[in-house]
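>>> coords please:
(2 chains)
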2 protein chains.
Amino acid sequence: MSSLEPSHRDTRMDPYIDQYADRTGSMTVSAVRALFSVANRPEVVSLAGGMPNITDLPLGRLGDSFDKLVQTKGVQAMQYGSGQGEPFMREKVVDVMAEEQIRANSDDVVITCGSQQALDLVTRIFINPGDVVLCEAPSYVGALGTFNAYQAEIHHVAMDEHGLVPSAVKEAVTTLRAAGKRVKFLYTIPNFNNPTGIQQPLERRRELLAVAHELDLLVVEDNPYGLLTIEGEPLPALRSMDPDVIYLGSFSKTFAPGFRIGWVLAPHAVRERLVIAQEAAVLSPPVFSQFAITDYLDNFDWRGQIVAFRDMYRARRDAMLQGLSDHMPAAATWTRPTGGFFVWLTLPEGLDSQALLARAVSERVAYVPGNAFYADGFGSRNMRLSYCFPTPERIYEGTRRLGKVIRDELEMRATFGLPATEVPHTQVGGPAPDLS
Amino acid sequence: MSSLEPSHRDTRMDPYIDQYADRTGSMTVSAVRALFSVANRPEVVSLAGGMPNITDLPLGRLGDSFDKLVQTKGVQAMQYGSGQGEPFMREKVVDVMAEEQIRANSDDVVITCGSQQALDLVTRIFINPGDVVLCEAPSYVGALGTFNAYQAEIHHVAMDEHGLVPSAVKEAVTTLRAAGKRVKFLYTIPNFNNPTGIQQPLERRRELLAVAHELDLLVVEDNPYGLLTIEGEPLPALRSMDPDVIYLGSFSKTFAPGFRIGWVLAPHAVRERLVIAQEAAVLSPPVFSQFAITDYLDNFDWRGQIVAFRDMYRARRDAMLQGLSDHMPAAATWTRPTGGFFVWLTLPEGLDSQALLARAVSERVAYVPGNAFYADGFGSRNMRLSYCFPTPERIYEGTRRLGKVIRDELEMRATFGLPATEVPHTQVGGPAPDLS
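Numbering: from 1, shown residues only, chains lettered A, B, ... in the order given. I've put the predicted structure just below:
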């Protein structure tokens, strides 16, 4: 049976196959989605998901507060709203961004249905099929899905332990432009990059912005984790140093994702286009959610809650790092994040994270294989381990199970003398990523 | 000064103008949006908006119910959810669609951020630039905006007093295909079409589906108003007679729009694609909203509330029809809707609804000019008058003000012997729309 047969069979089963738009062909099921069903089985320790732990939110008081909200402002909160988002919500967003030293006007903010939709709208207004988007190597799987949906060409740029390498950005842009490509923007997660957990230091940020300025390269900064720093204080956002940066924010990790409220802060001309695109997409972002989040920001100690979240995630990160240190074979390496949700693990040479997943799940531990975070097949020796959702005890147990899976595999290979799998290690346009 | 100069000046003011995607050029500010600011001034009777009147919802009891919801299910309701929508919400949607005789499996439902997003996703997966979408003449301005955002070619098909004319659909498809065009789908609002208020009778629905079947033409049925019938019982949806129809539904008019929950029901293969597109667009539709609406459907008499909405809108429709009858000049004609939110008025020959708008607003009444509902410049003798939001007294007063504006204009024209404005009256591919 040829390896093409399953997709051929799928094709014949879909009577609409000839009717779809070209972009629909590049929409593929994400690894994260396929893993949701696995992650939900209670006996599995899921180190796969990116769900925040929101069990510590003050639900009793929140319920009371939303009750009052419905009774006093229900008619407005349940009505259609502005395509740009409610003015009071945009003002609150400006306050939240000030925590990362961003000075902005609420008129330049567009509220979105989660920051995923911010990404969708930015891509929608900038990307023609074949246009290039630069991303970190590796980068957020959901962003890659969005870029794919608009038929962008995704080019990964090398990172080191300080994040994106500015000289690699310059080399990539120069090479691509020389080849006649339109490089539309650089998409970057400078704080606790998903999936590596790496944070870009201040000096590196300055270098990156200098290169972007020199190249006349638009920068799109995605910052869902910036306030969830575990060590020290949040660093200034790229946008705080350069008003031309398009900035994406979210309440999903600092409050709760179920309201689906994110935002984009953009230069005025771009903001105009985003609002028009937003109206065609959803008319207005969820209005009730905007009232609810504003109610939370007005009546609760949201800064105190973020401090509590930091403490909670620090304990989980520590459990994961301790577990990895205790259970991983010597040849495995991993990042040591100072915030966010993720550790990026590099397997001993010869192992493939995707091939290992079925065995890991049968040992009741799950992760996301590294190649989900690359558009070009790299990452097969890597995996993303998230410490955001399970308890510290479960996280530690998960690393124990994972360590056993990896050591068993190494032992089997040694016993049977299996050759190392061919795994690509270098990135186009930059040095090999060494993220350990 | 040339008429091109303003847009030329805009161009020079936007430093990103050379960076946008091709689709961004066709995204234009909708007339409805521009009217929001006018409609919000309290002294103006707005017959422009499409906002439902939700002041009669039981806010006190809703607040209590949401309080309990947060306290008992808050951790789930505020977490990330499924890209397809929560299973319990999709089950409820199946119950709601059964009111219009649709039999469906909840697995074929995708929850969206309002039915506007259902429209966006359907367009996203089917439309390449230049593909043709057929619409009623006239059709929903928000749908035209979405089709434009994906660079569809919009072709309007003639309506008569029974809605879309099947022979005109056939003629349009045949002509367009002969010209080498790809006709991707027919977008139709069979119940109380926005903006005309016309409902398609059962026999016409059968004829339309027979033509679509004969032509192998995909039908997208948009049905936000079907349950808001003012006279008699709801008619069977197109989807109830043909499982190949893609059906768009919404809670915005039967409950409240602020939760931004709509849905699409699609054949299984299409549904698969829609879920992938949805994940790239927003990850998951608003989760808290899905819990809130399910709570409402579970714990409140939602069918009784719809009956109350019908009575309320009937009184408003009656006020509008009485007002038009009392105040309009003899040469004006208008539709007499049996449900939904809108009356479509045709001005006496020589008048232009867009030219008249500024005077109308200065007389403290607003409407949407008819050409907003056409992609091709038609509709200048028409206006959409909505009776959904103001009180019956205000609606009646609004028609009085509007009647005065129109009669004054006619009188001035008679006095000064102004020539009639050139206004196109016929539609490509069908007879002239006579909707009075």
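>>> okay, and for chain A, where does confidence drop off?
For chain A, the stretches with pLDDT under 70 are A:1-12, A:28-40, A:419-436.
>>> how does it look with 80?
For chain A, the stretches with pLDDT under 80 are A:1-13, A:26-40, A:417-436.
>>> now do the strands in it.
A:45-46, A:109-113, A:132-137, A:153-160, A:163-164, A:183-188, A:218-222, A:246-250, A:261-265, A:333-334, A:342-346, A:365-366, A:368-369, A:382-386 (DSSP state E).
>>> reformat those strands as TSV; add distance to chain B and mean neighbour count.
Bear in mind the C-beta positions are built from the backbone N, C-alpha and C, glycine included. TSV is the format used below for the strands of chain A (distance: least, Cβ to the nearest Cβ, whole Å; neighbours: other Cβ atoms under 10 Å in any protein chain shown):
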stretch	distance to chain B	mean neighbour count
strand A:45-46	13	25
strand A:109-113	5	29
strand A:132-137	12	26
strand A:153-160	13	22
strand A:163-164	21	25
strand A:183-188	6	25
strand A:218-222	7	24
strand A:246-250	10	26
strand A:261-265	9	28
strand A:333-334	25	20
strand A:342-346	16	25
strand A:365-366	16	24
strand A:368-369	15	26
strand A:382-386	13	28
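>>> export those to JSON lines and tack on distance to B:D376?
Formatted as JSON lines, the strands of chain A follow (distance: least, Cβ to Cβ, whole Å):
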{"stretch": "strand A:45-46", "distance to B:D376": "53"}
{"stretch": "strand A:109-113", "distance to B:D376": "30"}
{"stretch": "strand A:132-137", "distance to B:D376": "35"}
{"stretch": "strand A:153-160", "distance to B:D376": "35"}
{"stretch": "strand A:163-164", "distance to B:D376": "48"}
{"stretch": "strand A:183-188", "distance to B:D376": "32"}
{"stretch": "strand A:218-222", "distance to B:D376": "35"}
{"stretch": "strand A:246-250", "distance to B:D376": "35"}
{"stretch": "strand A:261-265", "distance to B:D376": "33"}
{"stretch": "strand A:333-334", "distance to B:D376": "60"}
{"stretch": "strand A:342-346", "distance to B:D376": "51"}
{"stretch": "strand A:365-366", "distance to B:D376": "54"}
{"stretch": "strand A:368-369", "distance to B:D376": "49"}
{"stretch": "strand A:382-386", "distance to B:D376": "51"}
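>>> show me how chain A divides into domains.
When chain A is parsed with automatic domain parsing, its domains come out as A:5-56+A:305-416, A:59-299.
>>> what's the closest of the ones you listed to B:T294?
B:T294 lies closest to domain A:59-299 among those, at 13.1 Å (Cβ to Cβ).
>>> quick one: that closest one to chain centroid distance?
11 Å (Cα atoms, centre = their mean, to the nearest Å).
>>> any idea how far apart the tips of that domain sit?
Start and end residues of domain A:59-299 are separated by 13 Å (Cα to Cα, to the nearest Å).
>>> cool, and stretch A:373-386?
When the termini of stretch A:373-386 are compared using Cα to Cα, they are 14 Å apart.
>>> ok, so what distance separates A:I189 from chain B?
Going from A:I189 to chain B by Cβ to the nearest Cβ, to the nearest Å gives 16 Å.
>>> so what's the residue nearest to that residue when sequence neighbours are not counted up against?
Once flanking residues are discounted, A:I189 sits nearest to A:D222: 4.8 Å by Cβ to Cβ, 6 or more residues apart in numbering or on different chains. A:D222 makes contact with A:S115, A:L119, A:Y140, A:A143, A:Y187, A:T188, A:I189, A:L248, according to Cβ atoms under 8 Å, 6 or more residues apart in numbering or on different chains.
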